[in-house]
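Colleague: Need coordinates for the below:
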Amino acid sequence: MKKVYIMYGADPERLVTTILKKIDLIGELQSLGNPSIVIKPNLVVPQPAEWGATTSPEMVTALIVFLKKAGFNKISIIESSWVGDNTKEAFKVCGYEKISQIYDVPLIDLKDDSYRELEVEKEKIKVCTKALEADYLINMPVLKAHCQTRLTCALKNLKGCIPDQEKRRFHTMGLHRPIALLNKALKSHLTIVDGLYGDLTHEEGGNPVAMNRVIAGRDPVLIDAYAAGLLGYELQDIPYILLAEKLGVGKSKVSSKDIIEINSSQEAPLVDLRQGGEELDYLRRFVVEDQACSACYGNLMHALMRLKEKGLLEKYPAPIYVGQGYKGKRLTGFGVGACTRGFTINVAGCPPQANHILEQLVSSIKEEKHG
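Modeller: This next block holds a predicted model:
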């Protein structure tokens, strides 16, 4: 049975190495002999990972070192930035040129690659040749919001494996169905999600929130279904997840048996209130924080962003409390997470998902209105 593995913290090397050992990546690769491995990060724009848009180079480095220590050397990094941006510039700005030089791993700009035309569900899809030729594809997306599809994570990250002309066509097709079709045509063998920083609103970054976690698994549909909840969405909000499930790419129903948390979310560092952009600064006005871990606080910020998008944020009648400083206290108010279980209203979990926080906030607003 395929699982979703989560580990909390801020040390990319430790997070990646530990999670890869847990899922026994080396055992799987050894069963394939000496496979060619491609790593597909998200380098949509030339921007540092801390801005919330691109995959951490430290995470990619940790993966490469892990693979090479086990004797796997047929490794390359593939990517194509979004239409209008320069992949080679992204490789440079995002720290991947240095990775390539130190570890002798080729960087392949898929904008220069040929493509094959594949037929999926009577629809022709153009996919870059280098992605199709690999024996093993490791997908390394960023956990972040998207201005059109709401979520971009495992499934949508493969859009960087198609030619620019096909990217344009995907937009004319509405994105959701072609994204699902692409994932039927091109298999991600393993997904390692960069959940260290992600953007609250947009795939281009600029409003990053620290989530301080890595998520991994072999089912991209299951990963995206889980990721949707972390950002405050339900499955029906992101049609390509359910469409991919119908195509047999994976399953969307996430149960507690599917989730393996390697460590406690409280091992994530405390939230750094100096970080963030305008959106994050605005959302913080509604929160009273006392020693909150970044994993819990990050989920709360995504919930508040969704509440704002619904036009309900300023209608919430009181502050929202979060943090380890509230452990053991019995107080009147709305508390988020296990540390605030003594509050009159509490969203359980350590950390609770953003969609659960959002649901309770909306319910509280309705009760206040009719009370």
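Colleague: Quick check: buried residues in the helix or strand containing Ser100?
Modeller: Ser100 belongs to helix 96-103 when elements are defined using DSSP states H and E. Of the residues in helix 96-103, Tyr96, Ile99, Ser100, Tyr103 count as buried by neighbour count, 16 or more other CB atoms under 10 Å. (Glycine included, C-beta is placed from N, CA and C.)
Colleague: For it, which outside residues touch it?
Modeller: 41, 43, 57, 60-61, 64-65, 68, 77, 90-91, 105-107 (CB atoms under 8 Å, 6 or more residues apart in numbering).
Colleague: Past that helix, which element shows up next along the chain?
Modeller: Following helix 96-103 toward the C-terminus (DSSP H and E): strand 107-109.
Colleague: Provide the contact partners of that next one at residue level.
Modeller: With CB under 8 Å, 6+ apart, strand 107-109 has contacts from 38, 76-80, 87-88, 91, 96-97, 100, 130.
Colleague: give me the number of residues near Val209?
Modeller: 27 (other CB atoms under 10 Å).
Colleague: How is it assigned, secondary-structure-wise?
Modeller: strand (DSSP: H, G, I helix; E, B strand; the rest coil).
Colleague: Identify the residues contacting it.
Modeller: Val209 neighbours (CB under 8 Å, 6+ apart): Gly52, Tyr197, Gly198, Asp199, Leu200, Gly276, Leu280, Gly298, Met301, His302.
Colleague: Any idea what it is bridged to?
Modeller: Gly198 (DSSP bridges).
Colleague: Nearest to Ser294 among the contacts of strand 107-109?
Modeller: Tyr96 (25.6 Å; CB to CB).
Colleague: thinking again about what came up before, can you put the contacts of strand 107-109 in TSV and add distance to Ser264 and secondary structure?
Modeller: Output for those, formatted as TSV (distance: CB to CB, whole Å; DSSP: H, G, I helix; E, B strand; the rest coil):
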residue	distance to Ser264	secondary structure
Val38	34	strand
Ser76	36	strand
Ile77	32	strand
Ile78	35	strand
Glu79	34	strand
Ser80	38	coil
Thr87	38	helix
Lys88	41	helix
Phe91	36	helix
Tyr96	32	helix
Glu97	37	helix
Ser100	36	helix
Lys130	40	helix
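Colleague: By neighbours, which of those residues wins?
Modeller: Ranking these using other CB under 10 Å puts Glu79 first, with 28 neighbours.
Colleague: Just list the residues touching the most centrally placed residue in the chain, thanks.
Modeller: Closest to where the C-alpha atoms of the chain average out (CA atoms, centre = their mean) is Leu143, at 1.9 Å. Each residue near Leu143 by CB under 8 Å, 6+ apart is listed here: Cys153, Val193, Asp194, Gly195, Gly198, Met211, Ile215, Ala227, Leu230, Leu231.
Colleague: Quick check, pLDDT for it.
Modeller: Listed pLDDT for Leu143 reads 97.
Colleague: Distance check, it against Val362.
Modeller: 23 Å (CB to CB, to the nearest Å).
Colleague: and what of Pro141?
Modeller: Distance of Pro141 to Val362, computed by CB to CB: 28 Å.
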